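**Q** Based on what follows, work out the 3D shape:
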Amino acid sequence: MDQGTYTIVMIVVLIAMMYFMMIRPENKRKKKAQEMRDSLKKGDIVTSIGGIVGKIVAVQKDTIVVETSDDRVRVELTKWAVSSVGVQSNEQPEEKKEEAKKEALPEDTEKK
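**A** Numbering: from 1, shown residues only. From the prediction side, this is the model:
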């Protein structure tokens, strides 16, 4: 195999690797997010990209109406603005918090 053929083969391999490592996973993620947005229904609790959390009270073709509090404050959002179904938080569950506290404390402070 000469140098030119080797170079072309390496470029093709590099493009194939880039496709399987970057482009394909991104397309899968987008497809999954679109399916989630298409399956929104009345009563679901959603979190928007901007952090608005609320319960869906109406669903139209491209928008949803979200009730954000007990005061019946309603906000109309486009479906693409929904980040996830459910409340998004960065806090740990209670069991993990307690385990982390026990690991962080020295042994002699636990005995006191």
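**Q** give the contact list for residue 63.
**A** Residues near residue 63 by Cβ atoms under 8 Å, 6 or more residues apart in numbering: 76, 77, 78, 79. C-beta coordinates here come from the backbone N, C-alpha and C atoms, glycine included.
**Q** The last one: what's its closest spatial neighbour, skipping adjacent residues?
**A** The spatially closest residue to residue 79, leaving aside those adjacent along the chain, is residue 37, at 4.6 Å (Cβ to Cβ, 6 or more residues apart in numbering).
**Q** Give the buried residues for the strand or helix carrying the one you found.
**A** Here residue 37, judged by DSSP states H and E, is contained in helix 24-38. Judged by neighbour count using 16 or more other Cβ atoms under 10 Å, the buried positions of helix 24-38 are residue 37.
**Q** Could you pull up the mean pLDDT of that helix?
**A** Helix 24-38 carries an average pLDDT of 93.
**Q** contacting residues around that helix?
**A** 79, 80, 82, 84, 85.
**Q** May I ask which two of those residues are separated the most?
**A** 80 and 85 (14.2 Å; Cβ to Cβ).
**Q** Looking at the contacts of residue 63, spot the one nearest residue 22.
**A** For the contacts of residue 63, the nearest to residue 22 is residue 79 (26.1 Å; Cβ to Cβ).
**Q** of residue 80 and residue 85, who's got more company?
**A** Remark: of residue 80 and residue 85, residue 85 carries more neighbours, 16 against 13, as counted by other Cβ atoms under 10 Å.
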